[in-house]
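**Q** Quick check, what structure comes out for this input:
(2 chains)
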Amino acid sequence: ETGVTQSPTHLIKTRGQQVTLRCSSQSGHNTVSWYQQALGQGPQFIFQYYREEENGRGNFPPRFSGLQFPNYSSELNVNALELDDSALYLCASSLSGTSYEQYFGPGTRLTVT
Amino acid sequence: AQTVTQSQPEMSVQEAETVTLSCTYDTSESNYYLFWYKQPPSRQMILVIRQEAYKQQNATENRFSVNFQKAAKSFSLKISDSQLGDTAMYFCAFMKSSYAGNMLTFGGGTRLMVKP
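**A** As a prediction, this is how the structure comes out:
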C-alpha cells in the first residue's frame, strides 16, 4: 500500500508568482484535504476535494484553488503569491469525505521571497 | 466555528517518566471526534489516538491514553514510559461528526522534548 506523497519537497518563489503543489493520495482513498502550516503553528484547513469536486473550504482567499483528478490525485494552486504564503503545505487523504481518519503526506515547504 | 487551544507551547520529560499534554476546545456540536497527532522533526503527521465524543470510556493506545472531559471540553493526552522517539510536536485536533465532512481544526501545538 502506497502512502500519501507530495511534490516538490521544497520550493522557493518570488512574490507575485504562481505555484502548483501536487499530492498523490493513498491507494483506495477518494478524498484529499489541503492544510497550510505556518512556522510554529498548527495546520489550517484550506479546502477538501471529494470525487473531483470541492467539498468544503476554510478561510482562504480565492487565489488558493485546487483540482482533483480521476485517479484522486490533487493539485493546490496559489496565484499572486504573498510573503505570508510561506509555509508547509500538507495534503491528507481519506477513504471518503465522511471518514474520520486522515493520512498525511510529508508536506511541501514553500518559501516566498 | 470550533476552536482548539493548547496552552503548553513546550514541555520536557525525562525518559521513562509520564507526561500529560493539555487541550481544550470550544464547540456547539454534540457529535464530534477528537484526535492527537504527532509531528516528528521529519514533518510527517501521524495519528496517535482518537476519541469519539459519544463514548464515555477514555481511549487508550499502548503507552498513550486520553482524559476526555466532555462537559469541561477538555481532552488531555498522557504519555507513559516516555521514549526518546516521542520527541515531536503534538497537535490536538477536532472534527465535527463525519457526516458533516471530515475537516480538522488543529490547536497550536505542544513541543515535547524527551530527555535521556
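**Q** quick one: low-confidence ranges for chain B?
**A** Applying pLDDT under 70 to chain B picks out residues B:98-101.
**Q** Swap in 90 and give it another go.
**A** Within chain B, the ranges that satisfy pLDDT under 90 run B:1-2, B:29-31, B:41-44, B:56, B:96-103.
**Q** What residues does chain A have near chain B?
**A** A:31, A:33, A:35, A:40-45, A:48, A:55-56, A:58, A:88, A:90, A:92, A:94, A:97-102, A:104-107 (C-beta under 8 Å from any C-beta of the partner chain). The way it works is simple: take the backbone N, C-alpha and C, and place the C-beta from them, glycine included.
**Q** of the residues you listed, buried ones?
**A** A:31, A:33, A:35, A:42-45, A:48, A:55-56, A:58, A:88, A:90, A:92, A:94, A:97, A:100-102, A:104-107 (16 or more other C-beta atoms under 10 Å in any protein chain shown).
**Q** Doesn't A:D84 lie inside a helix?
**A** Yes: checked against DSSP: H, G, I helix; E, B strand; the rest coil, A:D84 lies within a helix.
**Q** That one: how many residues sit nearby?
**A** When neighbours are counted by other C-beta atoms under 10 Å in any protein chain shown, A:D84 registers 9.
**Q** Same question for A:S73.
**A** Residues contacting A:S73 under the criterion other C-beta under 10 Å number 17.
**Q** Name all residues that make contact with the closest residue to it other than its chain neighbours.
**A** Computed as C-beta to C-beta, 6 or more residues apart in numbering or on different chains, the closest residue to A:S73 that is not its neighbour in sequence is A:S24, at 4.7 Å. By C-beta atoms under 8 Å, 6 or more residues apart in numbering or on different chains, the contact list for A:S24 reads A:2, A:4-6, A:73.
**Q** go again using 7 Å as the cut-off
**A** Contacts here follow C-beta atoms under 7 Å, 6 or more residues apart in numbering or on different chains; on that basis A:S24 touches A:4-5, A:73.
**Q** repeat for A:E52
**A** A:E52 touches A:68, A:70, counting by C-beta under 7 Å, 6+ apart.
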